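Asks: Pasted the sequence and its predicted model underneath.
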Amino acid sequence: MQMIFYMALSFTIFCVAILLMAPILLKHSPETQRVMDVVSSKRLEERKVIGDDQVQEKVLRIAHALRAKLGFSENPKLKERFLTAGLRGSGISDAFFAAQFLTPLAGAVAGSFIPDNTLFWVFALGVVGYMAPDFWLTWKTGKRKKKIQRSMPDAIDLLVICVDAGLGLDQALLRVGSELSISHTEIAQEFAQVNLAQRAGQPRLEAWKMLADRTKIEEFVQFVSMLNQTDKFGTPVAKALNRFSEELRTRRRQLAEEAAAKTKIKIIFPLVLCIFPCIFIVLLAPAILSIAQGLKGMGN
């Protein structure tokens with residue numbers, strides 16, 4: 001067991017040394033550095049980072065360089081999952097790679113301190129550490145999708161009010177995004193992305209379709225289909241939005257009724273496993289004790 005501990009400790013020290021030496025080992029050649037100095041921006045408004053931000057950027061830079069040296073390219077499906085979870089930025093992939101690299105190492109080191117069956121715990125905690133970032137990303141994605149689904153009826157109702165007031169769909173989208181920026185941050189961010197895509201020259205239907213693909217929410221898919229039919233058949237947008245809002249409210253009420261109906265079945269298991277045994281003990285225990293004492297008296 002001590003040998004396994006020393007091996008894990010040596011491997012940890014080796015990995016830490018590699019991470020510390022990575023900036024030196026992965027340093028650009030003089031020719032590459034001269035080219036980088038020529039093309040690098042020297043604008044006065046360039047952001048200066050200090051303290052924790054500087055350390056975080058160094059860690060992400062090391063992770064990016066290490067991933068490039070190891071040949072791990074960015075996974076398109078993983079990038080889609082980042083967008084679905086609301087994680088945007090150039091360093092998200094590097095941070096996720098660093099987490100997948102460091103958490104198994106931390107789990108293996110933690111498992112080496114367990115005296116009983118050390119090898120099993122080192123392997124088990126290492127596997128759990130490797131899978132932990134993926135589980136966290138799945139949890140964050142599901143949580144964000146639920147928040148967006150809950151805020152959809154309110155957002156559509158505000159869109160209906162703005163369109164009825166005379167605003168166009170794009171202007172109404174901006175207004176609704178600003179109104180929901182505090183109460184429903186997630187859907188406001190998605191509306192802002194749609195607005196930026198349209199400003200960049202993307203057609204409206206394509207921008208909304210990208211929103212549906214990015215969030216993977218059925219309500220947005222139906223909304224894109226509704227907009228497509230509106231443009232194709234010339235239906236007024238306000239009328240289509242009113243009908244879509246009513247459908248959302250009806251579906252939300254049906255889901256609530258369905259959840260309420262399921263509680264009758266779900267409550268059976270706690271009743272049978274937790275409540276009924278206690279009731280039987282309270283009701284039958286005195287009778288069983290009296291019968292046992294009576295049988296004991298007859299035997300004597």
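Replies: Here it is on my side, so go on.

Asks: what number of residues lie near residue 241?
Replies: 24 (other C-beta atoms under 10 Å). Yep, even glycine has a C-beta here, placed from its N, CA and C like the rest.

Asks: How is it classified with respect to secondary structure?
Replies: When classified by DSSP: H, G, I helix; E, B strand; the rest coil, residue 241 comes out as helix.

Asks: So in the protein, which helix runs the longest?
Replies: The single longest helix within the chain, with elements called by DSSP state H, is helix 118-164.

Asks: Give me the pLDDT value at residue 23.
Replies: On pLDDT, residue 23 comes in at 57.

Asks: Domain-wise, how is the protein divided?
Replies: 2-28+50-141, 144-263 (automatic domain parsing).

Asks: who does the longest helix of the chain touch, helix- and strand-wise?
Replies: helix 2-25, helix 76-84, helix 92-112, helix 169-179, helix 185-199, helix 218-233, helix 237-266 (3 or more C-beta pairs under 8 Å, 6 or more residues apart in numbering; DSSP states H and E).

Asks: Using a markdown table, please lay out those helices together with distance to residue 120.
Replies: Conversion of those to a markdown table gives the following (distance: least, C-beta to C-beta, whole Å):
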| stretch | distance to residue 120 |
| --- | --- |
| helix 2-25 | 10 |
| helix 76-84 | 30 |
| helix 92-112 | 8 |
| helix 169-179 | 52 |
| helix 185-199 | 41 |
| helix 218-233 | 43 |
| helix 237-266 | 36 |
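
Asks: out of those helices, nearest to residue 208?
Replies: For the helices and strands packed on helix 118-164, the distance to residue 208 is smallest for helix 218-233, at 4.8 Å, taking C-beta to C-beta.

Asks: got the contact list for that closest one?
Replies: 149, 152, 156, 204-205, 208-209, 211-212, 235-237, 240, 244, 247-248 (C-beta atoms under 8 Å, 6 or more residues apart in numbering).

Asks: farthest-separated two in these?
Replies: 149 and 236 (26.3 Å).

Asks: Which one's more surrounded, those two?
Replies: More crowded of residue 149 and residue 236, by other C-beta under 10 Å: residue 149, with 19 against 10.

Asks: Residue 162: neighbour count?
Replies: Per other C-beta under 10 Å, the neighbour tally for residue 162 reads 21.

Asks: so what's it closest to, chain neighbours aside?
Replies: Once flanking residues are discounted, residue 162 sits nearest to residue 172: 3.5 Å by C-beta to C-beta, 6 or more residues apart in numbering.
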